[in-house]
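[1] the sequence isn't on hand, but the structure is:
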């Protein structure tokens with residue numbers, strides 16, 4: 001399954017990664033590398049885009065204004081960090097959240113197999129059921 005690359009979905013991935021690592025979103029998407037935690041959040045967003053949403057490294061690079069090799073490098077760094085059980089558990093939670101964020105960004109109806117997502121009154125995304133409500 002591939003979620004079509006878009007700036008809206010990218011911004012949602014950045015927000016997820018920034019929140020998970022307690023980094024201001026503006027630092028993650030800035031024009032420079034930024035602080036180490038901001039760089040890690042950006043690398044994590046790349047990872048989610050490629051491994052969870054099915055984007056290519058070129059797609060992710062184009063959407064966020066970086067070089068494809070930077071994205072490819074980030075994928076390896078995140079994969080290496082997944083040897084840490086706590087980091088791996090965080091990434092697993094973010095993978096589910098990335099699919100939910102893509103659904104909330106308006107692509108749920110156009111992508112077969114994407115889980116249906118709804119909002120509770122608290123505005124928290126909730127995974128409802130299997131493939132696109134079918």
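    Ah, there it is. Here the structure is a predicted model, which is why all the values come from computation and not from measurement.

[2] what about residue 17, which SS state?
    helix (DSSP: H, G, I helix; E, B strand; the rest coil).

[3] now do the contacts for it.
    23, 28, 41-42, 44-45, 48, 94 (Cβ atoms under 8 Å, 6 or more residues apart in numbering). Every C-beta, even on glycine, is put in place using the N, C-alpha and C of the backbone.

[4] can you pull out the strands in the protein?
    For the chain, the strands defined by DSSP state E cover 115-119, 125-131.

[5] may I see the buried residues of the longest helix anywhere in the chain?
    Counting by DSSP state H, the longest helix found in the chain is helix 85-102. Neighbour counts over helix 85-102 (16 or more other Cβ atoms under 10 Å) mark 90-91, 94-95, 97-102 as buried.

[6] same list (those) but as TSV, adding distance to residue 78.
    Formatted as TSV, the buried residues of helix 85-102 follow (distance: Cβ to Cβ, whole Å):
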residue	distance to residue 78
90	11
91	7
94	10
95	11
97	15
98	13
99	17
100	20
101	18
102	19
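
[7] farthest pair in these?
    90 and 102 (18.6 Å; Cβ to Cβ).

[8] now render the contacts of residue 17 as CSV, adding distance to residue 55 and pLDDT.
    Listed next are those as CSV, based on distance: Cβ to Cβ, whole Å; pLDDT from 0 to 100:
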residue, distance to residue 55, pLDDT
23, 22, 93
28, 17, 88
41, 17, 95
42, 14, 94
44, 14, 95
45, 11, 94
48, 9, 94
94, 15, 93
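
[9] just those residues: which are in helices?
    Those of the contacts of residue 17 lying in helices (DSSP H): 28, 41-42, 44-45, 94.

[10] could you list the low-pLDDT ranges of this protein?
    Scanning the chain for pLDDT under 70 picks out 1, 30-31, 103-134.

[11] the nearest residue in space to residue 33 that is not next to it in sequence: neighbouring residues, count only.
    Nearest non-adjacent residue to residue 33, counting by Cβ to Cβ, 6 or more residues apart in numbering: residue 39, 5.2 Å away. Counted with other Cβ atoms under 10 Å, residues neighbouring residue 39 total 19.
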